[in-house]
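In: Give me a 3D structure for the following:
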Amino acid sequence: MSIDDDLSRIELQERELQFDRFDMETAWTLGSKLRTMASERKLGVVIDITLFSMPLFYTALEGATPDNPHWVRRKRNCVFRFFKSSYAIGLSLARQESTLQAKFGLPDSEYASHGGSFPITIKGTGCIGAITVSGLPQRDDHAMVIEALAWMLDKDHDALRLG
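Out: Sure, this is the predicted structure:
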C-alpha cells in the first residue's frame, strides 16, 4: 500500500479505536492481552501503557533488548506531542521528506516517529495516554497494537488493519 493509503487507514483506526472510559483495570486487560499475543508468537517485545499522569502497564518479553525501553519512551513522546499514532507521524514526515528534527526541532534522543505507539483516546475528551510496543519492525509494532485494541473494543480487526 502507499503512504497515503496507510495514512487514510490509520486515520480510520484513530477514529474507531476510542474508549468510552479507560482505567487501571482496562490497562491491565489490554496489556495482558498484548503480552499473551507476544508470548504465544514468541515475540521479543516491550509493551507499555502510560497515561499522561502515570504508567499503568509495562512488560518485557524474552528477546527484548536494552534499546526497546528507549524506543518505547521516544515513540510515546511522539504520541504525547501530537496526539496521533507515531506511525502516522512518521509516514506524514516521510511523505514530506522531512524529520521531527527538521520540521519541529524535536531531538531524535527524545522523539521517534516510528510505528508502535498509539493514542489512548476517550470519546468526547481526547488523548489521555499511549499504548506502545517496541521490538518488531515498526509496521508490525503498530499492527500488534491495533489488533489488541480491536479485540478490546470489539471492532472488526480485518476492516481496520493496514493492507
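
In: Helix or strand next in line after the helix or strand hosting residue 37, which one?
Out: Taking DSSP states H and E as the definition, residue 37 sits inside helix 24-40. Going down the chain from helix 24-40, the next helix or strand is strand 46-51, by DSSP H and E.

In: So which bits of the very next helix or strand once past that following strand are buried?
Out: Remark: after strand 46-51, the chain's next helix or strand is strand 55-60, criterion DSSP H and E. For strand 55-60, the neighbour count (16 or more other CB atoms under 10 Å) marks 56, 57, 59, 60 as buried. In short, each C-beta sits where N, CA and C put it, glycine included.

In: show me where the protein has helices.
Out: For the chain, applying DSSP state H gives helices covering 3-16, 24-40, 68-82, 86-95, 100-104, 138-152, 157-160.

In: measure the residue nearest the centre of the chain to residue 156 for me?
Out: With the centre of the chain defined as its mean C-alpha position, the nearest residue by CA atoms, centre = their mean is residue 117, 2.0 Å away. Going from residue 117 to residue 156 by CB to CB, to the nearest Å gives 23 Å.

In: cool, and residue 58?
Out: Distance from residue 58 to residue 156, by CB to CB: 29 Å.

In: For the residue lying farthest from the centre of the chain, which residues are in contact?
Out: Going by CA atoms, centre = their mean, the residue of the chain most distant from its centre is residue 102, 22.7 Å out. With contact taken as CB atoms under 8 Å, 6 or more residues apart in numbering, residue 102 is in contact with no other residue.

In: Repeat that for residue 119.
Out: 14, 79, 83, 84, 85, 127, 129, 130.

In: Wait, residue 106 touches residue 80, no?
Out: No - using CB atoms under 8 Å as the test, residue 106 is too far from residue 80 to be in contact (11.4 Å).

In: returning to that earlier point: generate JSON lines for the helices of the chain, with mean pLDDT as supplementary columns.
Out: Converted to JSON lines, those look like this (pLDDT from 0 to 100):
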{"stretch": "helix 3-16", "mean pLDDT": "97"}
{"stretch": "helix 24-40", "mean pLDDT": "98"}
{"stretch": "helix 68-82", "mean pLDDT": "98"}
{"stretch": "helix 86-95", "mean pLDDT": "98"}
{"stretch": "helix 100-104", "mean pLDDT": "97"}
{"stretch": "helix 138-152", "mean pLDDT": "98"}
{"stretch": "helix 157-160", "mean pLDDT": "96"}
